[in-house]
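Undergrad: Quick one, structure for this:
(2 chains)
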There are 2 protein chains.
Amino acid sequence: MASSSSLTLSQAILARAISHHGSNPSSDRVSLSTLTIPTFSGLKSSSSAAAATSSSKPRRRVNLTRPIRAAAVETLDKTTETSLVEKSVNTIRFLAIDAVEKANSGHPGLPMGCAPMGHILYDEIMRYNPKNPYWFNRDRFVLSAGHGCMLQYALLHLAGYDSVREEDLKSFRQWGSKTPGHPENFETPGIEVTTGPLGQGIANAVGLALAEKHLAARYNKPDSEIVDHYTYVILGDGCQMEGIANEAASLAGHWGLGKLIAFYDDNHISIDGDTEIAFTENVDKRFEGLGWHVIWVKNGNTGYDEIRAAIKEAKAVTDKPTLIKVTTTIGYGSPNKANSYSVHGSALGAKEVDATRKNLGWPFEPFHVPEDVKKHWSRHVPDGAALEAEWNAKFAEYGKKYSEEASELKSIINGELPAGWEKALPTYTPESPADATRNLSQQNLNALAKVLPGLLGGSADLASSNMTLLKQFGDFQKDTPEERNVRFGVREHGMGAICNGIALHSPGLIPYCATFFVFTDYMRAAIRISALSEAGVIYVMTHDSIGLGEDGPTHQPIEHLASFRAMPNILMLRPADGNETAGAYKVAVINRKRPSILALSRQKLPQLAGTSIEGVEKGGYTISDNSSGNKPDVILIGTGSELEIAAKAAEELRKEGKAVRVVSFVSWELFDEQSDAYKESVLPAAVTARVSIEAGSTFGWEKIIGSKGKAIGIDHFGASAPAGKIYKEFGITAEAVVAAAKELL
Amino acid sequence: MASSSSLTLSQAILARAISHHGSNPSSDRVSLSTLTIPTFSGLKSSSSAAAATSSSKPRRRVNLTRPIRAAAVETLDKTTETSLVEKSVNTIRFLAIDAVEKANSGHPGLPMGCAPMGHILYDEIMRYNPKNPYWFNRDRFVLSAGHGCMLQYALLHLAGYDSVREEDLKSFRQWGSKTPGHPENFETPGIEVTTGPLGQGIANAVGLALAEKHLAARYNKPDSEIVDHYTYVILGDGCQMEGIANEAASLAGHWGLGKLIAFYDDNHISIDGDTEIAFTENVDKRFEGLGWHVIWVKNGNTGYDEIRAAIKEAKAVTDKPTLIKVTTTIGYGSPNKANSYSVHGSALGAKEVDATRKNLGWPFEPFHVPEDVKKHWSRHVPDGAALEAEWNAKFAEYGKKYSEEASELKSIINGELPAGWEKALPTYTPESPADATRNLSQQNLNALAKVLPGLLGGSADLASSNMTLLKQFGDFQKDTPEERNVRFGVREHGMGAICNGIALHSPGLIPYCATFFVFTDYMRAAIRISALSEAGVIYVMTHDSIGLGEDGPTHQPIEHLASFRAMPNILMLRPADGNETAGAYKVAVINRKRPSILALSRQKLPQLAGTSIEGVEKGGYTISDNSSGNKPDVILIGTGSELEIAAKAAEELRKEGKAVRVVSFVSWELFDEQSDAYKESVLPAAVTARVSIEAGSTFGWEKIIGSKGKAIGIDHFGASAPAGKIYKEFGITAEAVVAAAKELL
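TA: Residues are numbered from 1 along each chain as shown, chains lettered A, B, ... in the order given. Down below sits the predicted model:
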């Protein structure tokens, strides 16, 4: 460094930062005379918030001439000239350092570098109620760089969330704690979504912002902005490199999500070292190309006013999302490890923790929150309660004027399904026309959209193939955000993660998304997060087998059913006809904390006798049987498009005098949950002659058919030809089932 | 349209195009006086190519004053003024139209719009030998928009490839044909990679271009550019939307892949309609941000000279990849369907085919190639043979001067592994120190890099966690392309697809790539293409279970082993210690047409007695046994880090007098391939008391343990805590194995 003093880089930066304070903060972006920044006085924000009619209107105003001073309590010699803001920022840093140190595991670098923006967001900008993390109109925050979760835990702790008490910080990354190694919405109230896998969070944030824009367009009135919040996100270099982030950012720009504000922690360090080794693109230019407003905060370490001004500017741009590139030093404050990968993902070590304490002038014990910092943050509990109470009053007023809208919005907020909604599901008889389950799916989606106000979704550029258009609605677009058909483009991964964000925005939002089943491979990471984070997304996956025909093996799923049956907390449903498709939707809608995948056919299928919605709810059930005493000669088991084949084979065998049961195995997970007695009634242990047929991998079928059964399936890739030809060549036929059954009899 | 005539849009465009010909083609980019474009004279390109010393040097030179005339044969009144180029272009269009029509399935729109650039590439620019599609120094072409494969089939057909004869075109998308619904390298010589899943192809092309740059840097000499080819790719709007394309493009820009030239078919139509509904970003700006040179060809329908000039400009930029945005009309020539989604993915229908024939002045029977077009293209067979012969002579000269390099390069070209390479694999005894298999993996990689000249690879920003650095080499970078450590950044999906490109560039290139096992979810689509396209990529996947500890459930694989065991043509290997890791690498290296995934531990594991490389090659084998007569009381089966637990449980049970066999089940696929006698020797049918233990989903284990066995595993998500604690809490312990065994005894 050019500095001639013996100070370390970090000390020098700190010293400069300190000397800045009290004098005019440098800013080349906004005139200071007009700068509006939050106060630290604990001024109730509710009144100004109530007065706000424009989303870009500042919520708090501070007289810049009033000096910002640290309180006297616990102020030590070394920090007398440090402002309370810096003390709070250092509190955040050391809570992260100490928790990682105690766990001897974790990522201190990001919290140390992002503490300033974190502080400003949670202390000055965001509106939330710590005692009700689920208050509907709260601002949402997503830490897309989830490994830095100690930043968020520290902030939740300071803000007064009950989920992160001191003992929780002390049990960071330990068994049963509320502070796991990455942020998990299902463990820690105050965490909106589950992040860690990079790039997911920024896409979730796009979904959260989409949900806000959509609900605001549907429910806000000229005299009442009942839906009005921002979505903030911090993402790092790692998120930026992931393709999913580009997909989601492209859509955010397309949709003009003006209330999405993303902080890009531009610290130039990733696990392998300097980003120069793999990441030299011009991110600003890319985001401008994606339709974002881009701001660069050059000093993210101590440039508090720069950060504040950037947020103000971002809010003023209402037709575009904003990326605030904040250049920071990873591990800021650590004299020997800052600005290196070594501070990214390991504890600093006792020696370096000491050195950092000395460097930042932090004489406190581990996990200590100075009284003045504590007192300063304490206002968020009453302020948050006031914000919510105020909103509740506003909502009550709203309800008086707009009772229908209020009631609908309420159901979206609390997730209560309208009474009798399931009556909307269509039913079919064997006389109903044969149809592809993808078409039957569309009948269900359109029927449900009429009764479920929170149902919205779309396809990754395959709406006309996936049959997902809601006919009574238009497209959700920048200028028509009240509509419910979402056009995701060919961005499967982003689509899934955006739907996770929508689902986790409000319990009553029921997002669905669609592509060809084989392309779940593109979005598997997002689907897994649906399952883990209990986001009840409905995945409408058509063209579910070789039955799609000529597109060939690149498009024909083989192992996909098995791969999702193995995934925890997700329902893999493969309906065979109209009634089963309706049943699959019933299950999918009810399961709000468990995503569902519906595997649907491209090809026409007959409406089968014996299928039912109730049967689907049990996962596996008998659709026909000519045996008695629960002792069939053979049980034929099929799913989806192959249930028809099993039924045909049964007819053949019955002609020959056999007692044959045909079982539809539409969802293994639901069958697993049934009672032993029910299972025995469908698959009696004594009947080992079992044949399964499914146009996919036989992997896993031994569980159902037992060691003596026969599984007919496809354990190699598909082929390009008309569907009927492929079925025949691959032996997915009634003849094969009959032959297999005869071998077992 | 502004045109006042009664012509359709397509007719009008065609008329304008015709009127352009013979006059000065408009071009605002290059001066025509200096424009060098290929000739149609059939001039042998070999001599000029031999003289070329710079890759950007034009290969053929044409006197622009010489009129280009169609041959007289079969020239009909309507086309007398149409140049042979246009006739060839229309031949391509109608071969596509006719094949799709006959199949009544396929995608005519792209070939109709991209025929001009396709013609120019295959007829004027690319160097290849139709009779040897595998000639090493050929230019590579990738149709990333794989659904438009009839474009490439038509081009291969015209160029004289034996793989696409007229009968193949007539059996487009039919069972057993060489012309499947999407391009498949393993079906059709002349197709480099398998595309269709969007975005994969452009990433494959980055891998192909990386391979060229790497090999050129290693083997070219000042007096002999023995490696010297371009990689061309056509991608569409769909590819552009996919995140993987952005990942790969970012790396291509970072690496400065100057010989990668991508044509972006900018036709503004995707399946759901106009790209305006979901794709309004500024692609040019994004690519400039990614470090690409960007050129816009405004008239891709008839602007032949514009396209030629763009290619010339692209070649002149040697330090950056080039994106040529070519604005085209999808379905160009179809009077009623051009420029609409209806022409994207369905046959035109007889009526519209007739209208298009009329519109483009095409009186020929389906599948007809006019004699003059045929004659014109016929030169590529002798020219290609000459190119290869010339290169062979050059290589012979090269070999005389640089015998060592020549011999090494030859082994990369023909894929022959050096004799005795496997002796480099390390071996271990039970006394060898305990170690994590990720560290043992690094020992193997470094040992193999010394003997396998084609081994190169790296990690998605986790090199120091995945332990994948080759210590004797530096980083493959823009200015050090001869090095073999590839830094992919946090771009798993792009990484996998790039490795597919590397693997399919030359049989002797053995790419490996790495991330945490759970993040195979990000790259699953690319891994599936490895399996389908027979690309022997080695996937080094560490942190393979809850054993990674504190990072928690977002990072802990559960269902991943099962999900890959279900995937066709891939080896899922989970070694338990040093010998098994060496065995896994032996298998992975040998299997050049089947990718391998190595699941490796973060945590230390002991070197077990009884493990061996030979055992791994059989997939499942006995590591210890105190029974006799192939009749153990119980068989304990483990994989990877849980084999140790099985061995410990066996000790306990043996102390109690039980006859216990311990089986390592490192690869289910390899075990499946063994003889029945061998299988019986390991898992005798008579012994139904079997306990499996694996820290992952139990899904599928019934196949191994039978209906009466017990599977110990984890059928829910993981947790954030120290690894030992999670193992204990989840019951992945020797005690649990002992208890399960006792229940069965």
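Undergrad: Please enumerate the strands of the stretch 401-550 of chain A.
TA: Per DSSP state E, counting those that start in this stretch, the stretch 401-550 of chain A carries strands over the ranges A:435-436, A:455-459, A:475-476, A:485-487, A:510-516, A:538-542.
Undergrad: so which of those strands comes closest to chain B?
TA: Closest of these to chain B is strand A:485-487, at 4.3 Å (criterion: C-beta to the nearest C-beta). For the C-beta atoms, the positions are set from N, CA and C on the backbone; glycine is no exception.
Undergrad: And the contacts of that closest one?
TA: With contact meaning C-beta atoms under 8 Å, 6 or more residues apart in numbering or on different chains, strand A:485-487 is reached by A:210, A:456-459, A:461, A:463, A:468-470, A:473-477, A:511, A:513, B:272, B:277-278.
Undergrad: Now a ChimeraX select for only the buried ones of the residues you listed.
TA: Selection of buried members from the contacts of strand A:485-487 for ChimeraX, criterion 16 or more other C-beta atoms under 10 Å in any protein chain shown:
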select /A:210,456,457,458,459,461,463,468,469,470,473,475,476,477,511,513 /B:272,277,278
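Undergrad: Run a quick neighbour tally on the residue lying closest to residue A:730 once chain neighbours are set aside.
TA: Counting by C-beta to C-beta, 6 or more residues apart in numbering or on different chains, residue A:730 lies nearest to residue A:714, which is 5.5 Å off, once chain neighbours are set aside. Residue A:714 is flanked by 24 other residues according to other C-beta atoms under 10 Å in any protein chain shown.
Undergrad: which ones are touching residue A:714?
TA: Contact analysis of residue A:714 by C-beta under 8 Å, 6+ apart lists A:546, A:558, A:695-698, A:730, A:732.
Undergrad: can you give me the helices for the stretch 401-550 of chain A?
TA: Along the stretch 401-550 of chain A, the segments classed as helices by DSSP state H, counting those that start in this stretch run A:403-414, A:437-451, A:463-466, A:492-505, A:524-532.
Undergrad: Only the buried residues of the shortest one, if you could.
TA: Using 16+ other C-beta under 10 Å as the test for burial, helix A:463-466 gives A:463, A:465-466.
Undergrad: who's in contact with that helix?
TA: Outside helix A:463-466, the residues that touch it by C-beta under 8 Å, 6+ apart are A:438, A:459, A:469, A:485, A:487, A:514-516, A:540, A:542-543, A:602, B:271-272, B:341.
Undergrad: Between those, which sits nearest residue B:724?
TA: Minimum distance to residue B:724 across the contacts of helix A:463-466 is 40.9 Å, recorded for residue A:515 (C-beta to C-beta).
Undergrad: Surely that closest one is in contact with residue A:460?
TA: Yes: with contacts counted by C-beta atoms under 8 Å, residue A:515 reaches residue A:460, the gap being 4.4 Å.
Undergrad: Neighbour count for those two, which is higher?
TA: Each of residue A:515 and residue A:460 has its neighbours counted (other C-beta under 10 Å); residue A:460 has more, 32 against 28.
Undergrad: wait, the more buried one sits on residue A:493?
TA: No: if you go by C-beta under 8 Å, residue A:460 and residue A:493 don't touch, sitting 9.1 Å apart.
Undergrad: so how many other residues sit close to residue A:131?
TA: By other C-beta under 10 Å, 16 other residues sit near residue A:131.
Undergrad: What of the one 3 residues further on?
TA: Other residues near residue A:134 number 13, with proximity taken as other C-beta under 10 Å.
Undergrad: does it sit in a helix, a strand or a coil?
TA: Classification of residue A:134 using DSSP: H, G, I helix; E, B strand; the rest coil returns coil.
Undergrad: State the pLDDT value of the residue in chain A that chain B sits nearest to.
TA: Chain B sits closest to residue A:243 of chain A, with a gap of 2.2 Å, by C-beta to the nearest C-beta. Per-residue pLDDT puts residue A:243 at 98.
Undergrad: Could you list the domains of chain A?
TA: A:82-383, A:421-599, A:622-744 (the TED database).
Undergrad: Tell me which of the ones you listed lies nearest to residue B:423.
TA: With C-beta to C-beta as the measure, domain A:82-383 is the member of those nearest residue B:423 (31.7 Å).
Undergrad: Tell me the gap between the closest one and the middle of its chain.
TA: A distance of 16 Å separates the centroid of the chain from that of domain A:82-383, by C-alpha atoms, centre = their mean, to the nearest Å.
Undergrad: Could you double-check that residue A:352 lies in contact with residue A:338?
TA: No: the pair residue A:352 and residue A:338 fails to qualify as a contact (C-beta under 8 Å) at a distance of 9.9 Å.
Undergrad: if we can go back for a sec, and the domains of chain A: which comes nearest residue B:391?
TA: Set against residue B:391 and scored by C-beta to C-beta, the domains of chain A come closest in domain A:421-599, at 32.3 Å.
Undergrad: And the closest one, how far out from the chain middle?
TA: A distance of 16 Å separates the centroid of the chain from that of domain A:421-599, by C-alpha atoms, centre = their mean.
Undergrad: Ok, stretch A:710-728 next?
TA: 35 Å.
Undergrad: Same question for stretch A:416-436.
TA: Distance of stretch A:416-436 from the chain centroid (C-alpha atoms, centre = their mean) equals 29 Å.
Undergrad: Now it: buried residues?
TA: The neighbour-count check on stretch A:416-436 (16+ other C-beta under 10 Å) flags A:417, A:421-422, A:424-426, A:428, A:435-436 as buried.
Undergrad: same check, this time on stretch A:123-137
TA: Residues of stretch A:123-137 classed as buried: A:123-131, A:133, A:135-137 (neighbour count, 16+ other C-beta under 10 Å).
Undergrad: got the contact list for that stretch?
TA: A:37-38, A:40, A:45, A:49, A:59-60, A:88, A:138-139, A:141, A:156, A:158-163, A:189-190, A:226-230, A:232, A:308, A:311, A:376-377, A:380-381, A:384-385, A:387-388, A:391, A:413, A:506.
Undergrad: same thing with stretch A:543-552?
TA: Outside of stretch A:543-552, the residues within contact range by C-beta under 8 Å, 6+ apart are A:438, A:465, A:516-518, A:555-557, A:560, A:574, A:599-603, A:640-641, A:695-696, A:714, A:718-723, A:726-727, A:730, A:732, B:103, B:105-106, B:147, B:173, B:180-182, B:184, B:196.
Undergrad: at 6 Å what do you get?
TA: Stretch A:543-552 has contacts (C-beta atoms under 6 Å, 6 or more residues apart in numbering or on different chains) with A:516-517, A:555-556, A:599-603, A:641, A:695, A:718, A:720, A:722-723, A:726, B:105, B:173, B:180-182.
Undergrad: again with stretch A:332-350
TA: Under the contact criterion C-beta under 6 Å, 6+ apart, stretch A:332-350 has outside partners A:8, A:10, A:93, A:100-101, A:104, A:107-109, A:112-113, A:269, A:271, A:273, A:301, A:329-331, A:352, A:355-356, A:359-360.
Undergrad: returning to what we had before: same list (the strands of the stretch 401-550 of chain A) but as TSV, adding mean pLDDT.
TA: As requested, the strands of the stretch 401-550 of chain A are exported to TSV (pLDDT from 0 to 100):
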stretch	mean pLDDT
strand A:435-436	98
strand A:455-459	98
strand A:475-476	98
strand A:485-487	98
strand A:510-516	98
strand A:538-542	98
